[in-house]
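Engineer: coordinates only, sequence not included:
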């Protein structure tokens, strides 16, 4: 089957995610109408959600190295929040991500609150 539209091209998905965050549009879906106006902490050109679940699902990822150490990185900019962390278990990694998120929303890395 041949593609009918170039709009379905996902080559630059990370750029699209960043652009959608930077656009100023803060709409989600709930029931049958749009709701939700999230707050974000803008650090340089990246905007991190103050909502932990959104941050966990969309804005942070864990990279596991061959030596079983890991790095916790931003999904929207070239930034490693923690490098070379020993992997004890998933709960400790989750706790580190919670700590990183708390640091972001308390402006440890600088930034401004945007809506």
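Structural biologist: Happy to help now that I have it. Because the structure is predicted, anything quoted here is derived from the model rather than measured.

Engineer: which residues are in contact with the lengthiest helix in the chain?
Structural biologist: Counting by DSSP state H, the longest helix found in the chain is helix 90-105. Contact with helix 90-105 is made by 41, 43, 48, 50, 52, 55-56, 60, 62, 70, 72, 81-82, 85, 87, 109, 111, as judged by CB atoms under 8 Å, 6 or more residues apart in numbering. To be clear about C-beta, it is placed using only N, CA and C from the backbone, and glycine gets the same treatment.

Engineer: show me those residues that map onto helices.
Structural biologist: Members of the contacts of helix 90-105 lying in helices (criterion: DSSP H): 52, 55-56.

Engineer: let's have those in a markdown table, adding distance to residue 77 and pLDDT.
Structural biologist: Formatted as a markdown table, those follow (distance: CB to CB, whole Å; pLDDT from 0 to 100):
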| residue | distance to residue 77 | pLDDT |
| --- | --- | --- |
| 52 | 19 | 94 |
| 55 | 13 | 94 |
| 56 | 17 | 94 |
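
Engineer: only the buried subset of these, as a ChimeraX command please.
Structural biologist: Burial among those is assessed by 16 or more other CB atoms under 10 Å; the matching ChimeraX selection reads:
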select :55
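
Engineer: can you lay out the ones in helices among the contacts of helix 90-105 as CSV showing distance to residue 103?
Structural biologist: Shown next, in CSV, are the ones in helices among the contacts of helix 90-105 (distance: CB to CB, whole Å):
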residue, distance to residue 103
52, 12
55, 12
56, 14
